[in-house]
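Student: Take this sequence and fold it.
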Amino acid sequence: MKKIFSLIAVAALSATVLAACGNNDSSSSSASDSSSSASGDVKEITVNAKSFEFSPNEIKVKKGEKVKLTLKNTDGAHGLEIPDYNVNLQKDGSVEFTADKAGTFDFDCSVMCGAGHSDMKGKLIVE
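Tutor: Okay, here's the model as predicted:
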């Protein structure tokens, strides 16, 4: 009886992990950059996350620019973390921050999403 329960538990856990990052190539992936001036200039960037990749995986902004970063999961469940800017979106949503440090900053997926999780990387370039 314990063996059957263990097998069911392992199967359920495996299904959960695999469902987080499915591979469905029919999903479209588009990124958009736009600016608005409701309360000053804000650079709006949408990052799409799907099976072990971000699109775009390179974001360029100017130092001092206010940035609104939106994460959209187009396939699976992913997050986006930029430790140097204290940004950590763990599901669809947005965050605003000021790009006040020049340099190149890594970002990655902050939600364990399967075998390719460690490949989900990108760069924020602040010029």
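
Student: switch to C-alpha atoms for all contacts and neighbour counts from now on
Tutor: Will do.

Student: Least confident secondary structure element in the chain?
Tutor: Every helix and strand of the chain was ranked by mean pLDDT, DSSP states H and E. The lowest is strand 32-36, at a mean of 41.

Student: and whichever helix or strand comes after that strand, what does it pack onto?
Tutor: Later in the chain than strand 32-36, the nearest helix or strand by DSSP states H and E is strand 42-50. In terms of contacts (3 or more C-alpha pairs under 8 Å, 6 or more residues apart in numbering; DSSP states H and E), strand 42-50 is packed against strand 32-36, strand 53-55, strand 66-73.

Student: Where do the strands of this protein begin and end?
Tutor: 32-36, 42-50, 53-55, 58-61, 66-73, 80-82, 87-89, 93-98, 103-108, 121-126 (DSSP state E).

Student: okay, those in TSV with distance to residue 114 and mean neighbour count next?
Tutor: As requested, these are exported to TSV (distance: least, C-alpha to C-alpha, whole Å; neighbours: other C-alpha atoms under 10 Å):
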stretch	distance to residue 114	mean neighbour count
strand 32-36	27	11
strand 42-50	12	22
strand 53-55	12	20
strand 58-61	22	16
strand 66-73	15	20
strand 80-82	15	21
strand 87-89	18	18
strand 93-98	21	14
strand 103-108	14	18
strand 121-126	14	18
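
Student: of these, which approaches residue 115 most closely?
Tutor: In terms of C-alpha to C-alpha, the element of these nearest to residue 115 is strand 53-55, at 12.2 Å.

Student: packing partners for the closest one?
Tutor: When contacts are defined as 3+ C-alpha pairs under 8 Å, 6+ apart, strand 53-55 packs onto strand 42-50, strand 121-126.

Student: Make TSV from these and add mean pLDDT and distance to residue 88 to it.
Tutor: TSV is the format used below for the helices and strands packed on strand 53-55 (pLDDT from 0 to 100; distance: least, C-alpha to C-alpha, whole Å):
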stretch	mean pLDDT	distance to residue 88
strand 42-50	95	13
strand 121-126	96	14
